[in-house]
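Undergrad: Structural data only, the sequence is not supplied:
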């Protein structure tokens, strides 16, 4: 039985389905005693401890450290807002669709904490001598992993089930949109240095692909969060299918061109890490330009697979609608 996606209308109620088989009490402290409420307390506590441990020893200097600290602080702040809204029963006054917002954030938060749990140990802990600072960093990583599992559990609990009437972001295509935009943001971080693609038309096209597909996916997410999919001149499922098809074609071209012009010597590429002069003496540098090129190639493949899966599910929604 297919999942039915509806336009969200939130009204003030005393309970709401959490996808756990039992109602969540809203507008009452009892909301925190329900499974989803307890899970959000775990998220709040673990992200708070993670950034507090790192901040207490000032171990977050540099771009990677700033990213990890932002991830933990952002997740903590928005989780706190969600708890306050549910405790106060303020869903009807919240400016975004409440059917779509919590699960969208939970998916992003899981990815944020996952990236922080990988980036922080590889850029800080392995270079830190034994001592108080290193102990704090290891503890922060542990709590970051706990937060990642907690957010992923919320996504698994609250995603759409067959036969449920739900918001688009709780469906598989909606969650894939989150993954697509997040992976694109990571790609942008790796290609932040223009020399990786500047004055090379094929690679500049790849960068354009990443930007265009990111914008299109972000527009789909924003339309759902703002509950204004009806402003489109065509049915929303058809819009999603066309978007997914276009993105698959764009990413397929990037999947061919990026590795070809970055790693093939016949097209000016560098097939091995040692052939990159900026990486030859980088034993103290965790990421060099060749590593960035490889990371972008891998992330391009991941996003291509995500868009293919998105296309399959979006086309199924159109078929069901017809």
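TA: Yes, it's here. Keep in mind that this is a model prediction, so the values were computed, not measured.

Undergrad: what about the helices in the chain?
TA: 35-56, 63-88, 101-123, 132-158, 172-190, 201-225, 236-263, 289-321 (DSSP state H).

Undergrad: Including distance to residue 94, mean pLDDT and mean neighbour count, could those go into CSV?
TA: Placement of C-beta: from N, CA and C, glycine included. Formatted as CSV, the helices of the chain follow (distance: least, CB to CB, whole Å; pLDDT from 0 to 100; neighbours: other CB atoms under 10 Å):
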stretch, distance to residue 94, mean pLDDT, mean neighbour count
helix 35-56, 16, 94, 20
helix 63-88, 6, 92, 19
helix 101-123, 7, 93, 23
helix 132-158, 16, 94, 20
helix 172-190, 18, 94, 21
helix 201-225, 10, 95, 19
helix 236-263, 22, 93, 20
helix 289-321, 26, 86, 19
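
Undergrad: Save these as CSV, and put in distance to residue 166 too.
TA: Formatted as CSV, the helices of the chain follow (distance: least, CB to CB, whole Å):
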stretch, distance to residue 166
helix 35-56, 15
helix 63-88, 18
helix 101-123, 9
helix 132-158, 9
helix 172-190, 9
helix 201-225, 11
helix 236-263, 14
helix 289-321, 12
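
Undergrad: which one of the ones you listed lies closest to residue 275?
TA: With respect to residue 275, and counting by CB to CB, the nearest of these is helix 289-321 at 7.9 Å.

Undergrad: what's the spacing between the closest one and its chain's center?
TA: 13 Å (CA atoms, centre = their mean, to the nearest Å).

Undergrad: got it, and stretch 36-46?
TA: Offset of stretch 36-46 from its chain centre (CA atoms, centre = their mean): 19 Å.

Undergrad: With stretch 255-267 instead?
TA: Worked out by CA atoms, centre = their mean, stretch 255-267 lies 27 Å from the chain centre.

Undergrad: can you check stretch 97-116 too?
TA: So, by CA atoms, centre = their mean, the centroid of stretch 97-116 is 7 Å from its chain's centroid.

Undergrad: How about stretch 105-118?
TA: Relative to its chain's centre, stretch 105-118 lies at 7 Å (CA atoms, centre = their mean).

Undergrad: and what of stretch 244-259?
TA: With CA atoms, centre = their mean, you get 20 Å for stretch 244-259.

Undergrad: And stretch 45-57, by the same measure?
TA: 21 Å.

Undergrad: And stretch 76-96, by the same measure?
TA: For stretch 76-96, the distance to the chain centre is 20 Å (CA atoms, centre = their mean).

Undergrad: Surely residue 97 is in contact with residue 224?
TA: Yes: between residue 97 and residue 224 there is a contact under CB atoms under 8 Å: 6.6 Å.

Undergrad: Show me the common contact partners of these two, please.
TA: Residues within reach of residue 97 and of residue 224 at once, by CB atoms under 8 Å, 6 or more residues apart in numbering, are residue 167.

Undergrad: backbone phi and psi for residue 160, please?
TA: phi -70, psi 140 (degrees, to the nearest 10).

Undergrad: I figured it was touching residue 173, is that so?
TA: No: with contacts counted by CB under 8 Å, residue 160 stays clear of residue 173, the gap being 10.0 Å.

Undergrad: Once you drop chain neighbours, what's closest to residue 60?
TA: residue 69 (4.5 Å; CB to CB, 6 or more residues apart in numbering).

Undergrad: And residue 262, by the same measure?
TA: Leaving aside its sequence neighbours, residue 262 sits nearest to residue 293 (CB to CB, 6+ apart; 4.4 Å).

Undergrad: show me what contacts the one you found?
TA: So residue 293 contacts 196, 258, 262, 263, 270 (CB under 8 Å, 6+ apart).

Undergrad: From residue 64, how far off is it?
TA: Residue 293 is 18 Å from residue 64, where distance means CB to CB, to the nearest Å.

Undergrad: likewise residue 290?
TA: Note on residue 290: its distance to residue 64, by CB to CB, is 18 Å.

Undergrad: again, but for residue 297
TA: According to CB to CB, residue 297 stands 20 Å off from residue 64.
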